[in-house]
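Chemist: predicted model follows, preceded by the sequence.
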Amino acid sequence: MNKKLVLENGKVFYGQGFGSDEKKIAEIVFNTSMVGYQEIMSDPSYCDQFVVMTYPLIGNYGLTSEDYESNGVYMSGFIVHEYNDIPSNFRFTETLGDKMKDSHAVGISGVDTREITRIIRDCGSMKAMICDASYPLDKCLEELASFNYRHDQVSRVSTKKVWYSRCQNYKFTVVAIDCGCKLNIIRMLNQFKCNVVVVPFDTTAEKILSYKPDGLFISNGPGDPVDVTPVIETIKTLKGKLPMLGICLGHQMIGLAYGAKTYKMKFGHRGANHPVKNLINSKIEITSQNHSYAIDKASLVNTGLELTHINLLDNEAEGMMDKTNKVISVQYHPESAAGPEDSRYIFQKFLDNMDLFKEGK
């Protein structure tokens, strides 16, 4: 089936469709990872987005039931140069196209992803439509112009009920506020000997304390952090009562709870090789990232938060801490550590803070 990609700025790209046959409008972004399309597809942080994959061949190793980052597919679609529907992988259980069709995600292949990426890099993220090639261009542009982004992504991707992930010989109990949490983060907390209670994003501080946790984790997720007021208010209430760890959207909401400001970046950070400098020990970490918003570093003054990490590509804020109240956060994804400096020490730091908090230090 012939499809076309229409950008908000009027650029049109023709290609072949895969996945769902539906017409969709979403924000278009790009990801520079060479592998991991299954993890990207199932990461709730991509809710309401088309993802341009800069690596040219996608679909070639299929999908594996154990490798999903969530129980759903929340992205709107993939834009790729070459799509392979005949995977070569002894572990694969399903093709990418079949999963996308079942999940109402659209795809287009055979387009110049280099040119599309340059447009996003130079002009910024924008609205885009994937539709049948015969759909009139004037209608495409009219619908794009009248389309408004939604602001309820976290409520749509967050768990609707409490669930538990336990480990043997646990040391701590952690409540995780699910704003679109990747499953590998929960698995990582289990590896660090934490029993995890996963709760909906709008769970009250009183309810969280009723689980008698040793620490609070605030997850990654999609959308603008200022829209997630229930979580920001919960962080304000529980500051000083529990050690906290925030990742990605959780990092941004911790900043907002302390009085810092966030802003939308031109095209965001999405990839598996972003160099980040740890300002505490001057070591460099190669990190995985996926976010459209960032903390305004200048707004951290007099908030009680100290900047701990910066992105070496654009000097963006990548980590913060409140040493007194045992609060730490990072913008990148330590559970997806690419190396060579392993970013998973953040989880050990969280455990150390829970130890210190118990000792009253």
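Modeler: Thanks, I have it. This structure is a prediction, so every number in the text was calculated from the model and none was measured.
Chemist: below-threshold pLDDT in this protein: ranges please.
Modeler: Applying pLDDT under 70 to the chain picks out residues 338-341.
Chemist: give the other helices and strands that the longest helix along the chain contacts.
Modeler: Criterion DSSP state H: the longest helix present in the chain is helix 345-358. Other helices and strands packing on helix 345-358, by 3 or more Cβ pairs under 8 Å, 6 or more residues apart in numbering; DSSP states H and E, are strand 215-218, strand 244-247, strand 327-330. (Glycine included, C-beta is placed from N, CA and C.)
Chemist: now whichever helix or strand comes after the second one - C-alpha only, CSV.
Modeler: Meaning strand 244-247. Using DSSP states H and E, the helix or strand that follows strand 244-247 in sequence is helix 249-257. Provided in CSV are the C-alpha atoms of helix 249-257 (Å, rounded to 0.1, in the frame of the first residue of the first chain):
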residue,chain,number,x,y,z
LEU,A,249,10.0,12.9,33.4
GLY,A,250,10.4,12.1,37.1
HIS,A,251,13.6,14.3,37.0
GLN,A,252,11.7,17.1,35.4
MET,A,253,8.8,16.9,37.9
ILE,A,254,11.2,16.9,40.9
GLY,A,255,12.7,20.1,39.5
LEU,A,256,9.2,21.7,39.2
ALA,A,257,8.3,20.6,42.7
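Chemist: sheet-wise, list the partners of the helix or strand just after helix 249-257 with their directions.
Modeler: Per DSSP H and E, the first helix or strand lying C-terminal to helix 249-257 is strand 262-278. In the sheet, strand 262-278 lines up against strand 284-295 (antiparallel), strand 306-311 (antiparallel) (DSSP bridges).
Chemist: return the set of buried residues in strand 262-278.
Modeler: Across strand 262-278, burial judged by 16 or more other Cβ atoms under 10 Å covers Thr262, Phe267, Gly268, His269, Arg270, Gly271, Ala272, His274, Val276, Lys277, Asn278.
Chemist: against Glu233, how distant is the nearest residue to Thr303 once chain neighbours are set aside?
Modeler: Nearest residue to Thr303, sequence neighbours excluded (Cβ to Cβ, 6 or more residues apart in numbering): Tyr258, at 4.3 Å. Counting by Cβ to Cβ, to the nearest Å, the separation of Tyr258 from Glu233 is 13 Å.
Chemist: ok, the residue lying closest to Pro334 once chain neighbours are set aside - how many residues close by?
Modeler: Taking Cβ to Cβ, 6+ apart, and ignoring the residues beside it in sequence, Pro334 has Ser343 as its nearest neighbour in space, at 3.8 Å. A count of nearby residues for Ser343, using other Cβ atoms under 10 Å, gives 23.
Chemist: please, which helix or strand holds Ser343?
Modeler: Applying DSSP H and E, one finds Ser343 in no helix or strand.
Chemist: mind listing what it touches?
Modeler: Glu285, Thr287, Val330, Tyr332, His333, Pro334, Ala337 (Cβ atoms under 8 Å, 6 or more residues apart in numbering).
Chemist: now list the buried members of the residues you listed.
Modeler: Using 16+ other Cβ under 10 Å as the burial test, the contacts of Ser343 include Glu285, Thr287, Val330, Tyr332, His333, Pro334, Ala337 as buried.
Chemist: find the centremost residue of the protein, please.
Modeler: Nearest to the mean C-alpha position of the chain, counting by Cα atoms, centre = their mean, stands Ser45 at 3.6 Å.
Chemist: and that residue, that one's in a helix?
Modeler: Yes: under DSSP: H, G, I helix; E, B strand; the rest coil, Ser45 sits within a helix.
Chemist: right, and it touches Gly180 too?
Modeler: Yes: taking Cβ atoms under 8 Å as the definition, Ser45 is a contact partner of Gly180 at 5.6 Å.
Chemist: what residues are shared contacts of these two?
Modeler: Jointly contacting Ser45 and Gly180 under the rule Cβ under 8 Å, 6+ apart are Asn220, Gly221, Pro222, Leu249.
Chemist: picking that back up, list the buried residues of the longest helix of the chain.
Modeler: Judged by neighbour count using 16+ other Cβ under 10 Å, the buried positions of helix 345-358 are Tyr345, Ile346, Phe347, Lys349, Phe350, Leu351, Asn353, Met354, Phe357.
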